[in-house]
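# Here is my input; please provide its structure:
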Amino acid sequence: RLAKPLGTEFNSVPNGLKVKIIDTPLVFSFVWGYLSGIIVISTGALKSLSPDELKCVLAHEASHYRRKDNFLKGLIILCRNTLIVFPHVHLLFRWWQEEIELIGDEAAVLRTGKPMDVASAILKMQMTTSTNSSWNVEKFATGFITSVKTNSLTRRVERLVAIYDSR
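Model prediction:
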């Protein structure tokens, strides 16, 4: 386990990204910022995940930074909010969000070689987050969490199992 005091940075993060820890029992991770990459992860996630699962989560988040997904997300949100009369923009945004998570999952598998650990981390984070329904984290920081309301969670896990089976 990573046993670092709160507010410190990890040096063994992919691509030299900085990691900030938020002291909360909620389980989440996401990339913060457009220019400087900071991976934000909760103490709830650090406590819930195995070291291998944590490496997968960090690799997943690092892929979002490398691809500049936050910048693209900002542009798409701007379009979505300014072109409100065009419902297709909302559909495009939803599709794009699901696709970048699939790409992040595959990047984590390529980096770690452990598709089942990626799937396990996704499921652990989802189950822990959904049990605390008094907090609606999805609206603010989706990160590694997938909405249960869509079939995207099933799709992500099935793709990871297929990658595992193909080996």
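# where along this structure do the helices fall?
Per DSSP state H, the chain carries helices over the ranges 43-48, 51-66, 69-82, 87-112, 115-131, 152-166.
# What are the buried residues along the fourth one?
Of the residues in helix 87-112, those buried by neighbour count under the rule 16 or more other C-beta atoms under 10 Å are 89, 93, 97-98, 100-101, 104-109, 111-112. Where you see a C-beta, it was placed from the backbone N, CA and C, and this is true even at glycine.
# Which other helices and strands does that helix contact?
Secondary-structure packing of helix 87-112 (3 or more C-beta pairs under 8 Å, 6 or more residues apart in numbering; DSSP states H and E): helix 51-66, helix 69-82, helix 115-131, helix 152-166.
# between it and helix 69-82, how many degrees?
170 degrees (axes from the mean of the first three to the mean of the last three C-alpha atoms, to 10 degrees).
# Could you pull up the mean pLDDT of helix 87-112?
Throughout helix 87-112, pLDDT has a mean value of 89.
# and that helix, how far out from the chain's middle?
The chain centre lies 10 Å from the centre of helix 87-112; the measure is C-alpha atoms, centre = their mean, to the nearest Å.
# relative orientation of that helix and helix 51-66 in degrees?
130 degrees.
# No further questions, thank you.
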